[in-house]
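Chemist: Here is a sequence together with a model predicted from it:
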Amino acid sequence: MKNTHFIKLFGKTRKMKYNSMMQNAGRRTQVAGDRVFCFRQNIKTDLHVFVFLLIVFTMLCGFPVFAEEPHKPPLPENEDKMLDEELRWIKAEAEADAFVWSASKYEQKISEAPSLVSIVTSEKIKKFGWRRLTDVLQNAGGIYISYERNYHYIGVRGFNRPGDLNTKVLLLTDGHRINDNIFEQASIGADFPVDIDLIDRIEITRGPGSCLYGNNAFFGVINVITKKGKDISGTETSVSAGSYDTYSGRFTYGNKFSDNNDLLISGSVYDSKG
């Protein structure tokens, strides 16, 4: 008796030979196997491609990347020269480790001074063409000058009292107080008694110094150190004129007689209607 199998489909009973069903099942199994085999081959191919791309990406990431530097416009010729001069002065001061007197009322290295002290040399004054003490102080760090067309007021570290005639700043010449005895004012404008060409250096000490100097040294101390006869070694004459009928003149004689003796004589005149 032949093997038969009955299948009921959609309410109808159909008779199919068992052998035919087995053959069809075998074909389907073979087709499914072929599909699985192809799917496995595709997986292997995709895996190889992924590994290859990963290797290429790793190699590319290993190379250094050089970013383009931003364009920097060149400095003007004058500013470049001024910067070189300023760096040269700073280097000279650092190498010399200059001595100062104003911070402690005796000579000591500027690196050992208990206060913030800066030095403005005669060379720097000449290079920048400053003609008054106010010009020098205006370009010093932490100090600003205000002018009301009548009087120059000095401020230190943001503190200034307009109208007090600079009574909170002590002004010295070679260590001697020159604030006047009546109003105790410090004259830093055209009425400053020393010609700027006779200044050897200026020591600017910021901060209170009343414990050493007493009155007037509340905001700071400015010590103007003049040249000696050996620094002139002969005669010097200067004449200048400007607008508003402004003119000035100076005659100086200096000489060194011995190691400890020298002489300096100078006379200046200044007048202006503006």
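Modeler: Thanks, I have the structure now. Numbering: from 1, shown residues only.
Chemist: Show me where the protein has its strands.
Modeler: 4-9, 12-17, 99-100, 108-109, 116-121, 143-147, 152-156, 169-173, 176-177, 199-206, 220-226, 234-242, 246-256, 262-271 (DSSP state E).
Chemist: just checking, what packs against the fifth one?
Modeler: Helices and strands touching strand 116-121, as assessed by 3 or more C-beta pairs under 8 Å, 6 or more residues apart in numbering; DSSP states H and E, comprise strand 199-206. Where C-beta positions appear, they are placed from N, C-alpha and C, glycine not excepted.
Chemist: any residues touching the strand it packs on, and which ones?
Modeler: Under the contact criterion C-beta atoms under 8 Å, 6 or more residues apart in numbering, strand 199-206 has outside partners 100-103, 113, 115-122, 125, 133, 136-137, 140, 142-143, 156-157, 219-228, 231.
Chemist: What are the boundaries of the helices in the stretch 1-150 of the chain?
Modeler: Ranges of helices within the stretch 1-150 of the chain are 18-62, 77-96, 122-128, 133-138, based on DSSP state H, counting those that start in this stretch.
Chemist: Of the strands of the chain, which is nearest Leu87?
Modeler: With C-beta to C-beta as the measure, strand 116-121 is the member of these nearest Leu87 (14.8 Å).
Chemist: Tell me which strands that closest one pairs with, and in which orientation.
Modeler: Using DSSP bridges, strand 116-121 pairs in its sheet with strand 199-206 (antiparallel).
Chemist: can you tell me how far Ile119 sits from Asp262?
Modeler: Look at Ile119 and Asp262: by C-beta to C-beta, to the nearest Å, they are 22 Å apart.
Chemist: before we move on, the earlier item: for the helices of the stretch 1-150 of the chain, which has the smallest mean pLDDT value?
Modeler: Here the helices of the stretch 1-150 of the chain differ in mean pLDDT, and the lowest is helix 18-62 at a mean of 58.
Chemist: Of the contacts of strand 199-206, grab the buried ones for PyMOL.
Modeler: Per 16 or more other C-beta atoms under 10 Å, the buried members of these correspond to this PyMOL selection:
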select buried, resi 100+101+102+103+113+115+117+118+119+120+121+122+125+133+136+137+140+143+156+219+220+221+222+223+224+225+226+227
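Chemist: Any stretches of the protein with poor pLDDT?
Modeler: 1-47, 60-78, 91-97, 274 (pLDDT under 70).
Chemist: and with 80 instead?
Modeler: 1-98, 111, 160-163, 274 (pLDDT under 80).
Chemist: how does it divide into domains?
Modeler: 4-49, 79-226 (automatic domain parsing).
Chemist: among the strands of the chain, which is nearest Asp84?
Modeler: Of these, nearest to Asp84 by C-beta to C-beta is strand 116-121, at 16.5 Å.
Chemist: List the contacts of that closest one.
Modeler: If you take C-beta under 8 Å, 6+ apart as the criterion, strand 116-121 is touched by 89, 93, 98, 100, 102-103, 110, 136, 140-142, 200-207.
Chemist: How much space separates the closest residue in space to Phe257 that isn't next to it in sequence from Lys168?
Modeler: Distance criterion C-beta to C-beta, 6 or more residues apart in numbering; nearest residue to Phe257, sequence neighbours excluded, is Leu263 at 6.9 Å. Counting by C-beta to C-beta, the gap from Leu263 to Lys168 is 36 Å.
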